[in-house]
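1. Everything below, folded, please.
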Amino acid sequence: MNSEKLSTRLAAVASFVEQGATLADIGSDHAYLPCCLVKAGTISKAIAGEVVKGPYESAVRNVRKKGLSDEITVRLANGLEAVHPSDGVDTISIAGMGGPLIATILNDGIEKLENVKRIITQPNIHALSIREWAVQNGWQIIDEQILKEDHKIYEIIVLEKGQAEYNELEMMVGPYLLDRKSDIFIEKWKREVDEWKRVLDSLENAGNTEAIDDKKEQLRNKIELVGGILSN
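-> Presented below is the predicted three-dimensional model:
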């Protein structure tokens, strides 16, 4: 992958960056996303944040190689510590991490979000954590996307400030994704339900402690909740 041609996953993330935005890409790796967006003329300025020295150095080299050092600032920093007030960042992207880690990054740097208009997240797993964080912190979901790349299924959740309420099923599978019920969405949740059933079957032979009984009840509830949308 290079900054001229993004992966399917990162291209989908890029599609949610608005024209003229000032972007902070957190966990930017090689800074492919901000490089591509600047080259495309979507944005003119970006911050690429990396907490690991190796990817940080790769991002610095890539930005320099593309001749974009004036437009893209690469910083070695933990999470939203990469964002400075003087940057004027109005859009945050965080892609390629687990949902709980993304939620922790947002929570730990919540004071950096005061002037941010849009957050674009792409969790590899446990997207529920991001939806929970959004509801608890005054952000609403304005769009979602589900896609498949290299046999893996990814979700993108786009947030803007505002209050919203979602029921248990919407929180689990995503309100926009639930409304659209794409083939990839159905595939993902069929896989999940099959896995829950497998775990439930194994627990049926694991004795009866309070913890096991609670786990079995949780699994039955999830199977019933999600199974309902797959049968319609």
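2. what does stretch 217-232 contact?
-> 168-169, 172-173, 178, 181, 186, 189-190, 192-193, 196-197, 199-200, 203 (C-beta atoms under 8 Å, 6 or more residues apart in numbering). Quick note: C-beta positions are derived from backbone N, CA and C, even for glycine.
3. Go ahead and confirm Glu132 touches Ile102.
-> No: with contact defined as C-beta atoms under 8 Å, Glu132 does not count as touching Ile102 (11.4 Å).
4. between these two, who's got more neighbours?
-> Ile102 (27 against 16; other C-beta atoms under 10 Å).
5. Can you show me the strands along the protein?
-> Taking DSSP state E as the test, the strands found in the chain are 22-26, 45-50, 72-76, 91-97, 118-123, 139-149, 152-161.
6. now the last one against strand 139-149, angle please.
-> Between the direction of strand 152-161 and that of strand 139-149, the angle (axes from the mean of the first three to the mean of the last three C-alpha atoms, to 10 degrees) works out to 160 degrees.
7. what helices or strands is strand 152-161 leaning on?
-> The helices and strands touching strand 152-161, judged by 3 or more C-beta pairs under 8 Å, 6 or more residues apart in numbering; DSSP states H and E, are helix 8-14, strand 118-123, helix 128-136, strand 139-149, helix 183-204.
8. Neighbouring strands of it in the sheet, and parallel or not?
-> strand 118-123 (antiparallel), strand 139-149 (antiparallel) (DSSP bridges).
9. can you list contacts of that strand?
-> 9, 12-13, 16, 117-124, 127, 130-131, 134, 138-148, 174, 177, 184, 187-188.
10. In space, what's closest to Met172 - neighbours in sequence excluded?
-> Leu128 (5.8 Å; C-beta to C-beta, 6 or more residues apart in numbering).
11. give me the number of residues near that neighbour?
-> 16.
12. Please look at it and Gly99 and confirm they touch.
-> Yes: counting by C-beta under 8 Å, Leu128 does reach Gly99; the two are 6.5 Å apart.
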